[in-house]
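K.L.:
coordinates for the following, if possible.
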Amino acid sequence: MTSMKTERYTPACTRAQREVEALVGGVVLKTIGKAAQNIALTKSRLVAKEVYLPQCGYTMYYHEREAVVDGKGKFDQDKRNLNQPTILFFHGITQRSEDLAGFIASLDIPPHVRILCPEQMGHGRDIDNRLRADPDNYTLPTHHLMLESNCEFLDVVNCSSNINSFGISLGGAACYYLQHHRPDIIKRTVLVSPAILCCVDKGLVNGIREGTNNFCCFESRHDVKLLMRDLSTGRDDYTREKWDPVPQFFLESVYRQSKKGAPAGHFRALLLNLLANTDSPFSAMKDVDADSHRLVMWPEKDRIINYEEGKRFFEVSSSGGDFACKSSNTEFELITDCGHIFHSDGRGILDIIKPRVRDYLLDFIQDDM
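P.N.:
Just a heads-up that it's a prediction; the model follows:
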């Protein structure tokens, strides 16, 4: 007798139902969602800014919380304070610099620490102000261009040499390469499932290239549903407690909103451009920065950035639930029963890792403040 896999039945959605869901979900996203984001920005005290990078010929958009000394005044950010404790935050694919505001606010970072959230090329205001304004002359960013812009950004905004940083997914890769390139100022990093090229799930890569997986490039609400399941423990994991991490009535609204967020095909083109990179060090199959201090956190059931590939890249061995890295400066930790963004029980990954991330980021090597 052969065993059969039981799939969960999802009823078809009529056009009328889609319109209702778009209306209801849209109202919730525009009111409660927008209000929540505004509250998060207020609590985080992040302020939207921009700065021109003359060497790159590029305007970088970012959010900043300036440091305050004993509640009496702010540091002069126009002058480099070599020992100014600073934390950098790098967002993931399709996000904007303000999207980490809620997480940053929840970390309760002391006011004497400066916070910077640079918005990566190909995202947010780069889409709004460059791609939409002149699509015929828009150039897709590469890993090298993103690294160059991040490096120059640190110099132009007068960052200190006492920086810790955090990055998740695409932001984790940006964070990894930045520390490798600028060890003079990036001292410690937290990397959460970093999207290092050789660690990106091979099935996902093939699906994007062949057009069978519309990851972040939605053509229907069904694509949104499948992505949300993949951001949990996978569309084929029928055992998890929270089958759909996002309520069904949001799917149509998310799909329609994605069409407004970027021109059709932009993020697919961006992903294919980044995945095609063969330059060093971005194409390396092994860790090229073993001397750096970092905490690497990886979801056990990540269907986007593969956990086993991550262990191979960072040369991690495991025994009885304990991990040992070839690099003595690397701490590797597993997030059990969790996907790229959602735990199997529906919790968000940032809520789960928050206490550990805070402890690590606030451990400044040179903090004499």
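K.L.:
can you give me the helices for the chain?
P.N.:
Secondary structure of the chain (DSSP state H): helices at 15-28, 34-44, 101-107, 125-126, 143-156, 170-181, 202-210, 221-231, 251-261, 266-275, 307-313, 349-361.
K.L.:
give me whichever of those is most buried.
P.N.:
With neighbours taken as mean count of other CB atoms under 10 Å, the helices of the chain reach their highest mean count in helix 170-181, at a mean of 24. C-beta here means a position set from N, CA and C on the backbone, and glycine is covered the same way.
K.L.:
show me how far that one is from its chain's centre.
P.N.:
Taking CA atoms, centre = their mean, to the nearest Å, one finds helix 170-181 lying 11 Å from the centre of the chain it belongs to.
K.L.:
circling back: now the helices of the chain in JSON lines, with mean pLDDT and distance to Q84?
P.N.:
As requested, these are arranged in JSON lines below (pLDDT from 0 to 100; distance: least, CB to CB, whole Å):
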{"stretch": "helix 15-28", "mean pLDDT": "55", "distance to Q84": "41"}
{"stretch": "helix 34-44", "mean pLDDT": "83", "distance to Q84": "19"}
{"stretch": "helix 101-107", "mean pLDDT": "96", "distance to Q84": "17"}
{"stretch": "helix 125-126", "mean pLDDT": "95", "distance to Q84": "26"}
{"stretch": "helix 143-156", "mean pLDDT": "97", "distance to Q84": "12"}
{"stretch": "helix 170-181", "mean pLDDT": "97", "distance to Q84": "18"}
{"stretch": "helix 202-210", "mean pLDDT": "95", "distance to Q84": "39"}
{"stretch": "helix 221-231", "mean pLDDT": "93", "distance to Q84": "36"}
{"stretch": "helix 251-261", "mean pLDDT": "83", "distance to Q84": "34"}
{"stretch": "helix 266-275", "mean pLDDT": "95", "distance to Q84": "32"}
{"stretch": "helix 307-313", "mean pLDDT": "97", "distance to Q84": "32"}
{"stretch": "helix 349-361", "mean pLDDT": "97", "distance to Q84": "15"}
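K.L.:
quick one: those helices as CSV, columns for distance to N164 too.
P.N.:
Shown next, in CSV, are the helices of the chain (distance: least, CB to CB, whole Å):
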stretch, distance to N164
helix 15-28, 36
helix 34-44, 17
helix 101-107, 12
helix 125-126, 25
helix 143-156, 13
helix 170-181, 10
helix 202-210, 30
helix 221-231, 26
helix 251-261, 30
helix 266-275, 25
helix 307-313, 21
helix 349-361, 5
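K.L.:
next, count neighbours for S160.
P.N.:
Other residues near S160 come to 18 when the count uses other CB atoms under 10 Å.
K.L.:
list the contacts of the nearest residue to it once chain neighbours are set aside.
P.N.:
With sequence-adjacent residues excluded and distances taken as CB to CB, 6 or more residues apart in numbering, S160 is closest to Q84, at 3.8 Å. Taking CB atoms under 8 Å, 6 or more residues apart in numbering, we find Q84 in contact with 67, 75, 114, 159-160, 162.
K.L.:
out of the residues you listed, who's the most crowded?
P.N.:
That'd be R114 among the contacts of Q84, by other CB under 10 Å, with 25 neighbours.
K.L.:
verify the contact between F313 and D287 for me.
P.N.:
Yes: counting by CB atoms under 8 Å, F313 does reach D287; the two are 6.0 Å apart.
K.L.:
out of the contacts of Q84, the closest to L46 would be?
P.N.:
R114 (11.4 Å; CB to CB).
K.L.:
tell me what the closest one is bridged to.
P.N.:
Listed by DSSP bridges, the beta-bridge partners for R114 are T86.
K.L.:
closest one to H63 among the helices of the chain?
P.N.:
helix 101-107 (7.2 Å).
K.L.:
hmm, D337 is touching G346, no?
P.N.:
No: between D337 and G346 there is no contact under CB under 8 Å: 11.5 Å.
K.L.:
and the nearest residue to R358 once chain neighbours are set aside, what is it in contact with?
P.N.:
Once flanking residues are discounted, R358 sits nearest to L107: 4.8 Å by CB to CB, 6+ apart. With contact taken as CB under 8 Å, 6+ apart, L107 is in contact with 354, 357-358, 361.
K.L.:
rerun at 7 Å
P.N.:
354, 357-358 (CB atoms under 7 Å, 6 or more residues apart in numbering).
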